[in-house]
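1. kindly generate the corresponding structure for this input.
(one chain, ligands or ions: 1)
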Amino acid sequence: MCGIVGYVGNENAAPILIECLKKLEYRGYDSAGIAVIDKNEINMVKATGKIKNLCDKTNDGCSLSGNIGIAHTRWATHGAPNDINAHPHVSNNKKFAVVHNGIIENYMDLKKELVDKGYKFNSETDTEVVVHLLDMYYDKDFKKSVMKTVSRLEGSYALGVICKDYPNTIYAAMLNSPLIIGVGVSENYFASDVTALVQHTKNVIYIEEGEFAEITREKINVFDCTGEPVAREITRIVWDVEAAEKGGYEHFMLKEIMEQPRAIKSAIEPRIKKGKITLDDSGMPDDIMKDINRIVITACGSAYHAACTGKYMIEQLARIPVEVDLASEFRYRNPIINKSTLVIVISQSGETADTIAALKEAKQLGAPVLAIVNVVGSAISKLADYVIYTWAGPEIAVATTKGYTTQVTVLCLLSVFLAQKVGSIDKKTASSLTEDIQQIPKLAQRAIDLNPQIPYLARKYHNERSMFFIGRNTDYAVCLEGSLKLKEISYIHSEAYAAGELKHGTIALIDNDRLVVALACNERLLDKLVSNIREVKARGAKVLGIITERSTKIIPESDDIIYIPEGNTLFNAVAQVIPLQLFAYYVALENDCDIDKPKNLAKSVTVE
Ligand code: G6P
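-> Predicted structure coming up:
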């Protein structure tokens, strides 16, 4: 996501900060900015687009003098990517500047309070409340104003703050967002990511949730939220720069797989208030479902597979007919769409040409369009009537992982939301389903922890020429994605089939030793699936059973097992797909494939 960095020492701060920002480029960003204190004034420069634009504006930082500063690369969340929304943000009197990673969930309430007190907001960001709070609480004591400010913030933050009255002090604070302090000689740093610092120092201090650090040229003091000093040791980093960029993982794909529990949490948390799902941030009116009698979801690739899970969830809970279509097909089939059809488009990048074309077609036919998108400011986010962001953060590996699971997560939220709107579920059911959704991040983590055997399974099966993924209902929708992941990155042919359909033709391809991956997580349909497994076993297939923790029926039918944590079956696609992503990853690793950049594929397909 965003990257932050700060420096205080004897050198000119800006060129150092820009060097550090460049090391954070791999995270993806859409704007950057820098603020330094020079002669007791805060000077600030921001630039939309690449860090190169910031370099051009500042002569690589040399045109800004001052030995203390903070800097930021922004991945837009609240507000479009532009110079005004880029960080740092400064207080109205230009006394304070702040950089921030994370999301301040209560920023609307805080903003109202600050506006009532006369503070003027320049940006659309959640972050700007921080800098006005600092000013509001400032009584010539920087530390106190930081403490009081962070005590008001809900959500997640890693913050770096400077004050022109304190030209040798940075405060850095964190809650639910990574932050490290870099320890140098007569200079010190903070950063969101070790990558930014390893070229300058490998000595770091990790502060803990709710703590904050006072960083001067000579000293680093760490405090708890009440302002009491806490002792934190210096740790020596052993990573080199390249390893650090991938957070210590060999590939971005693995890093992004492991980031999923956190990404999913970001998609859920801001949207559940007092136990109730709210999608206010989408811009949908309260009576969105008033004249809607049908939903069409359209997308490409993995986003289409997310749409397939959405169909099951929305139809089951809201009892509204849902049609799912590939965007490239939708456009040319003269679809029957009108103002009573809610069209949902799903896209990680928000730039996929086929999906954009489908969206335009839907709008032309008079349908309201809701987009589920990751990238803020993308074409789709601008064209749609309403937008729900997935908040997955930048995804670098071509094969999507957290992009897909956050789309499915948003569809879980949307299905309960729509069901409430149309009155197909009562309050009690809604609140128990909402609790089930809140479990998804934990289940995602458990799906990783339960399956240390996956690299071994990959070693066993990496020479297969072809595989089949079978399942029923939502399990089938997950098969589509599991199978696509395998072919995308390992180049092994694979097909996903509705388990009951296999016998109508494709079973002809099942022969001795063919691997069939059987998703058997739907308790209600287990007996049916056992029959389908026996059909393939009778033709000599080997079976990799994907089963829930407590399920035993499939064990005797399987050669190997992957476990899925128990969760609400309707919402369990996220936990189910993660071991399949890992299986595809390790098979590709065994086969020495270029995992992050598979042949013939592009991250964003902007041609039809
Ligand atoms: C490309 C990517 C896929 C992705 C699809 C849709 O084909 O390789 O991973 O699922 O585009 O992308 P979108 O950005 O619209 O979700």
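2. next, count neighbours for the closest residue to the ligand within the chain.
-> Closest residue of the chain to the ligand, CB to the nearest ligand atom: residue 301 (2.6 Å). C-beta coordinates here come from the backbone N, C-alpha and C atoms, glycine included. Residue 301 has 24 neighbours, counted by other CB atoms under 10 Å.
3. ok, it - contacts?
-> 352, 400, 484, 605 (CB atoms under 8 Å, 6 or more residues apart in numbering).
4. columns secondary structure, distance to residue 475 and pLDDT on top of those, output as CSV?
-> Formatted as CSV, these follow (DSSP: H, G, I helix; E, B strand; the rest coil; distance: CB to CB, whole Å; pLDDT from 0 to 100):
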residue, secondary structure, distance to residue 475, pLDDT
352, coil, 26, 91
400, coil, 20, 96
484, helix, 15, 98
605, coil, 28, 77
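5. from those residues, which two are the most distant?
-> Pairwise distances across the contacts of residue 301 peak at 15.1 Å for 352 and 484 (criterion: CB to CB).
6. give me every residue that touches the residue lying closest to residue 119 once chain neighbours are set aside.
-> Excluding the flanking residues, the one nearest residue 119 by CB to CB, 6 or more residues apart in numbering is residue 132, at 4.3 Å. Listed by CB under 8 Å, 6+ apart, the contact set of residue 132 reads 91-92, 114, 119, 121.
7. next one: phi and psi at residue 132?
-> When read as degrees, to the nearest 10, the backbone of residue 132 gives phi -80, psi -30.
8. equivalent analysis for residue 372, please.
-> phi -110, psi 110.
9. quick check: bridge partners of the closest residue to it other than its chain neighbours?
-> Spatially, and ignoring its direct neighbours in sequence, residue 372 is nearest to residue 346 (4.5 Å; CB to CB, 6+ apart). In this structure, residue 346 bridges to residue 299, residue 372 when assessed by DSSP bridges.
10. please report how far residue 346 lies from residue 143.
-> Going from residue 346 to residue 143 by CB to CB, to the nearest Å gives 46 Å.
11. do the same with residue 326
-> Applying CB to CB to residue 326 and residue 143 gives a distance of 57 Å.
12. residues in contact with the spatially most central residue of the chain?
-> In the chain, the C-alpha nearest the mean C-alpha coordinate belongs to residue 392, at 1.3 Å (CA atoms, centre = their mean). Counting by CB under 8 Å, 6+ apart, residue 392 touches 263, 266-267, 348, 374, 402-403, 405-406.
13. confirm that it sits in a strand.
-> No. Judged by DSSP: H, G, I helix; E, B strand; the rest coil, residue 392 forms no part of a strand; its state is coil.
14. measure it to residue 261 for me?
-> 12 Å.
15. helices and strands around the helix or strand in which residue 256 is found, which ones?
-> Element membership of residue 256, judged by DSSP states H and E, is helix 252-258. Counting contacts by 3 or more CB pairs under 8 Å, 6 or more residues apart in numbering; DSSP states H and E, helix 252-258 packs against helix 573-590.
16. what about the helix it packs on, near the ligand?
-> No. Helix 573-590 lies out of reach of the ligand by CB under 6 Å from any ligand atom, never closer than 11.9 Å.
17. which ones are touching the residue lying farthest from the centre of the chain?
-> Taking CA atoms, centre = their mean, the residue of the chain most remote from its mean C-alpha position is residue 538, at 42.6 Å. If a contact means CB under 8 Å, 6+ apart, then residue 538 has no contacts.
18. get me the contact residues on the stretch 351-500 of the chain for the ligand.
-> So the stretch 351-500 of the chain meets the ligand at 352, 355, 398-400 (CB under 6 Å from any ligand atom).
19. restricted to buried residues, select the residues you listed in ChimeraX.
-> In ChimeraX syntax, the buried subset of those is picked out as below (16 or more other CB atoms under 10 Å):
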select :352,355,398,399,400
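20. where do the helices sit along the stretch 351-500 of the chain?
-> 353-364, 379-383, 402-422, 427-438, 440-449, 454-461, 474-490 (DSSP state H, counting those that start in this stretch).
21. what are the buried residues along the shortest one?
-> Spelled out, that is helix 379-383. Applying 16+ other CB under 10 Å to helix 379-383 flags 379-381, 383 as buried.
22. now those in a markdown table, with distance to residue 465 and pLDDT?
-> Compiled in a markdown table, the buried residues of helix 379-383 are given as follows (distance: CB to CB, whole Å; pLDDT from 0 to 100):
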| residue | distance to residue 465 | pLDDT |
| --- | --- | --- |
| 379 | 39 | 86 |
| 380 | 38 | 93 |
| 381 | 41 | 92 |
| 383 | 42 | 94 |
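23. closest to residue 71 among those residues?
-> Looking across the buried residues of helix 379-383 and measuring by CB to CB, the closest to residue 71 is residue 381, at 26.3 Å.
24. just the buried residues of the contacts of residue 132.
-> With burial judged by 16+ other CB under 10 Å, the buried subset of the contacts of residue 132 is 91, 114, 119.
25. now distance to residue 84 and pLDDT too, for these, in CSV please.
-> Below are these laid out as CSV (distance: CB to CB, whole Å; pLDDT from 0 to 100):
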residue, distance to residue 84, pLDDT
91, 15, 97
114, 17, 97
119, 16, 97
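26. among those residues, which are in strands?
-> Under the assignment DSSP state E, these contribute nothing to strands.
27. what about the ligand: which of those touch it?
-> Within those, nothing lies near the ligand by CB under 6 Å from any ligand atom.
28. what's the closest of these to residue 78?
-> residue 114 (15.3 Å).
29. that closest one touches residue 129, doesn't it?
-> Yes. When contacts are counted by CB atoms under 8 Å, residue 114 is listed as touching residue 129 (6.2 Å).
30. rewinding a little: look up how far residue 347 lies from the residue nearest to the centre of the chain.
-> For residue 392, the distance to residue 347 - CB to CB - is 12 Å.
31. okay, and the common contacts of these two?
-> residue 374.
32. so between residue 346 and residue 143, which is more surrounded?
-> residue 346 (35 against 15).
33. so where do the strands sit in the stretch 101-250 of the chain?
-> 157-163, 170-175, 180-183, 188-191, 203-206, 212-215, 220-223, 229-230, 235-236 (DSSP state E, counting those that start in this stretch).
34. for residue 522, which of these is the nearest?
-> That would be strand 170-175 among the strands of the stretch 101-250 of the chain, by CB to CB, at 38.3 Å.
35. that closest one packs against which elements?
-> Using 3+ CB pairs under 8 Å, 6+ apart: strand 170-175 touches strand 3-8, helix 142-151, strand 157-163, strand 212-215.
36. mind listing what residue 211 touches?
-> 173-174, 222-225, 230, 232.
37. so for stretch 56-76, mean pLDDT?
-> Average pLDDT, stretch 56-76: 95.
38. how about stretch 554-573?
-> 93.
39. how about the residues of the chain by the ligand?
-> 300-303, 347-349, 352, 355, 398-400, 601, 603-605.
40. lowest-confidence one in those residues?
-> Scanning these for pLDDT, the smallest score is found at residue 604, 73.
41. on that earlier part again, mean pLDDT for the strands of the stretch 101-250 of the chain: which is lowest?
-> Minimum mean pLDDT among the strands of the stretch 101-250 of the chain: strand 235-236, a mean of 86.
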